[in-house]
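>>> Any chance you could fold what I've pasted below:
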Amino acid sequence: QVQLVESGGGLVQAGGSLRLSCVASGRTDSNYAMGWFRQAPGQGREFAAAISQNGRIIYYADVVKGRFTISRDNAKNTVYLQMNSLKPEDTAVYYCAAKSGPWSTIRATPEYWGQGTQVTVSS
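Alright, predicted model coming up:
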């Protein structure tokens, strides 16, 4: 079992930056792919970014590619999402997710979720 706690959300103006953090506890033996998803008001949850267990494989949704950067520090059991050049359409609750097994499966079948952190981008 893994528990995930996100932080770092807030209100920012368009063009600004935020850095989200997600701290994992419980079975944190670094055998989990990690990812970030988001859910805008009235919409379904969508994938944003993911990183493999050793951090060597990273992929992004097209809508955030070039603006967001995912990274992880396994010594701190923490994954980050650096968000730059934010747009009002990035407004959403951002969720951290974890998945054991093949890293490529986290996008379709995340295993554990955090409680989410609100990001609001004003125009």
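
>>> Got the confidence number for the residue nearest the centre of the chain?
Centroid-nearest residue in the chain, with C-alpha atoms, centre = their mean: Trp36, separated by 2.2 Å. In the predicted model, Trp36 carries a pLDDT score of 98.

>>> On the pLDDT front, check Arg27 for me.
In this model, Arg27 is scored at 78, pLDDT.

>>> and what of Gln1?
On pLDDT, Gln1 comes in at 85.

>>> circling back: and the residue nearest to the centre of the chain, which helix or strand is it part of?
strand 32-39 (DSSP states H and E).

>>> who touches the residue of the chain most remote from its centre in this structure?
For the chain, the largest distance from the centre (C-alpha atoms, centre = their mean) belongs to Ser123, which lies 22.8 Å off. Ser123 is in contact with Ala14, Pro88, counting by C-beta atoms under 8 Å, 6 or more residues apart in numbering. Using the backbone N, CA and C atoms, a C-beta is placed for each residue, glycine as well.

>>> how near is it to Leu86?
Computed as C-beta to C-beta, to the nearest Å, the Ser123 to Leu86 distance reads 11 Å.

>>> which neighbours do these two share?
Common neighbours of Ser123 and Leu86 (C-beta under 8 Å, 6+ apart) are Ala14.

>>> Now do the same contact list for the residue lying closest to Gln39 once chain neighbours are set aside.
Excluding the flanking residues, the one nearest Gln39 by C-beta to C-beta, 6 or more residues apart in numbering is Arg45, at 4.3 Å. The contact partners of Arg45, taken as C-beta under 8 Å, 6+ apart, are Phe37, Arg38, Gln39, Tyr95.

>>> ditto for Gly8
Leu18, Arg19, Leu20, Ser21, Thr117.

>>> Same question for Ala98.
Neighbours of Ala98 in contact, by C-beta under 8 Å, 6+ apart: Val2, Leu4, Ala24, Tyr32, Ala33, Met34, Gly35, Ile106, Pro110, Glu111, Tyr112.
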